[in-house]
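Visitor: What shape does this take:
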Amino acid sequence: MDRFLSIEAFVRVAQTQSFAEAARQLRLSRAVVTTRVQQLEEVLGDALFHRTTRTVRLSEMGQAFYRDCLELVTRTNDLVDQMREVRGTPAGLLRVHALTGFMLGHAASLLREFQERYPDIVLDLFVSDAVIDPVKQGFDVALQIFKPVSDELVSRRLFPVRRVFCASSEYLLKHGSPRMPRDLFGHRLGLYSGYPTRDRWTFHRAGEDSVTLDLKPVLMSNSVHLLRDYVCEHAGIVCLPTLVAAEGLCSGRLRIVLPDYQLSAFWLSAVYARTLRGAFKLRLFIESLGASFSGGEPPWDKALIEQGLTPPQLLED
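Guide: The predicted structure is shown next:
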């Protein structure tokens, strides 16, 4: 019995609450993970989990054992990474869950630069707009606009995510341009379904009280890229993050609707477990992303600000 491998299997099952998912993340068979946990239970003389056909929960013994085991696994992996750093060759697998709107069209060059610098680090990158707990789902870090879902997670801000309502010139020529936020009720709207504010849309204008509306879209989607394609088909007015809309706005293919009003911005953040704050590969990855956006505005917003299409000040809730 390799005690460390058994402890690692125990920790992963505790995080995922599933032997099958733990096996998938560790790239082992379920039988191997089950055997390793059982061997650990035999050494301890007690069950670490309460198992049913549907659930896997930590026993009293398992709860007492888990936190120290998590710290042990994290610290051991970090020490191995540090030794690789001494040799100049950080290596191993880094699992990343990332927001679709950022990854498509903006992240490839950042990933290339990171891998050119650290060629032995393998990135397993899952792209989705789902809000996750990276610990429970076996990721080292999640790049998302939502706040951490538990107190065991921390976050580091990377860059602001501004939003604008926009439409094509053809649509506005045919249907007219809204002058006030309430004018949006007279238009076909496409809205992103994954914002933390859900159905609450608050419009801010200098020197005036803010206006909050419950808008009624004809199209809701968790894909900002689908909404961009929809607006480019002259189908309606949509709200897009500037990281997706900037190219169309700068080229003139799209126009900002209600340019005198601002929506609050969110932040794309790296969310990860408190216990992984010193993990070497993770630290390198987050520092690399942070350095890419440390010079002020992200490039897509800088282009919009330079053309006077969006105000330089950032509005946050």
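
Visitor: if I pick residue 71, what's in contact with it?
Guide: Going by C-beta atoms under 8 Å, 6 or more residues apart in numbering, residue 71 touches residue 275. Glycine gets a C-beta too; all of them are placed from N, C-alpha and C.

Visitor: how close does residue 62 get to residue 49?
Guide: 6 Å (C-beta to C-beta, to the nearest Å).

Visitor: As a quick check, tell me the outermost residue of this protein.
Guide: Centroid-distance maximum for the chain: residue 45 at 40.7 Å, with C-alpha atoms, centre = their mean.

Visitor: Do a quick rundown of the helices in the stretch 201-317 of the chain.
Guide: Using DSSP state H, counting those that start in this stretch, the helices found in the stretch 201-317 of the chain span residues 224-232, 242-251, 280-292, 299-306.

Visitor: Of all the ones you listed, which one is nearest residue 95?
Guide: Nearest to residue 95 among those is helix 280-292 (9.9 Å), distances taken as C-beta to C-beta.

Visitor: Pull that closest one out as CSV, backbone CA atoms only.
Guide: Listed next in CSV are the C-alpha coordinates belonging to helix 280-292 (Å, rounded to 0.1, in the frame of the first residue of the first chain):
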residue,chain,number,x,y,z
PHE,A,280,3.4,26.4,-7.8
LYS,A,281,1.9,25.6,-11.2
LEU,A,282,-1.3,27.5,-10.3
ARG,A,283,0.7,30.5,-9.1
LEU,A,284,2.6,30.6,-12.3
PHE,A,285,-0.6,30.4,-14.4
ILE,A,286,-2.4,33.2,-12.5
GLU,A,287,0.6,35.4,-12.4
SER,A,288,1.0,35.0,-16.1
LEU,A,289,-2.6,36.0,-16.7
GLY,A,290,-2.3,38.9,-14.3
ALA,A,291,0.8,40.2,-16.0
SER,A,292,-1.1,40.3,-19.3
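
Visitor: So for that helix, what gets flagged as buried?
Guide: 280-286, 288-289, 292 (16 or more other C-beta atoms under 10 Å).

Visitor: and it, what's its mean pLDDT?
Guide: Regarding helix 280-292, the rounded mean pLDDT is 89.

Visitor: can you check stretch 43-56 too?
Guide: Computed over stretch 43-56, the mean pLDDT rounds to 87.

Visitor: now the helix or strand of the chain with the lowest mean pLDDT and helix 280-292, what's the angle there?
Guide: Here the helix or strand of the chain ranked lowest by mean pLDDT, DSSP states H and E is helix 60-86, holding a mean of 79. Put simply, helix 60-86 runs at 60 degrees to helix 280-292, going by axes from the mean of the first three to the mean of the last three C-alpha atoms, to 10 degrees.

Visitor: if we can go back for a sec, quick one, which of residue 62 and residue 49 is more surrounded?
Guide: When residue 62 and residue 49 are compared on other C-beta atoms under 10 Å, the one with more neighbours turns out to be residue 62, at 22 against 19.

Visitor: how deep is the closest residue to that one other than its chain neighbours tucked in, by neighbour count?
Guide: Using C-beta to C-beta, 6 or more residues apart in numbering and skipping the chain neighbours, the partner closest in space to residue 62 is residue 48 (3.9 Å). By the measure other C-beta under 10 Å, the count of residues near residue 48 is 24.

Visitor: swap in residue 1?
Guide: Neighbours of residue 1 using other C-beta under 10 Å come to 12.

Visitor: show me what contacts it?
Guide: Taking C-beta under 8 Å, 6+ apart as the test, what residue 1 contacts is 36, 39-40, 43.

Visitor: how far away is it from residue 290?
Guide: As judged by C-beta to C-beta, residue 1 and residue 290 stand 41 Å apart.

Visitor: where do the strands sit along the protein?
Guide: Secondary structure of the chain by DSSP state E: the strands cover 49-51, 56-58, 92-98, 121-127, 141-144, 153-161, 163-168, 189-192, 200-203, 211-214, 219-221, 237-241, 254-257, 266-273.

Visitor: Which elements pack onto the first one?
Guide: It stands for strand 49-51. strand 56-58 (3 or more C-beta pairs under 8 Å, 6 or more residues apart in numbering; DSSP states H and E).

Visitor: Please identify the pairing partners of the strand it packs on and their relative orientation?
Guide: Using DSSP bridges, strand 56-58 pairs in its sheet with strand 49-51 (antiparallel).

Visitor: pretty sure residue 95 contacts residue 121?
Guide: No - look at residue 95 against residue 121 with C-beta atoms under 8 Å: they stay out of range, at 11.3 Å.

Visitor: what residues are up against residue 150?
Guide: 133, 135.

Visitor: returning to what we had before: so the residue nearest to residue 62 versus residue 303, what's the distance?
Guide: 54 Å.

Visitor: now residue 40
Guide: 55 Å.

Visitor: just to revisit the earlier point, could I get the helices of the stretch 201-317 of the chain in CSV, plus columns for distance to residue 131?
Guide: Shown next, in CSV, are these (distance: least, C-beta to C-beta, whole Å):
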stretch, distance to residue 131
helix 224-232, 15
helix 242-251, 18
helix 280-292, 19
helix 299-306, 23
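
Visitor: If anything else comes up later, I'll come back, but that's it for now.
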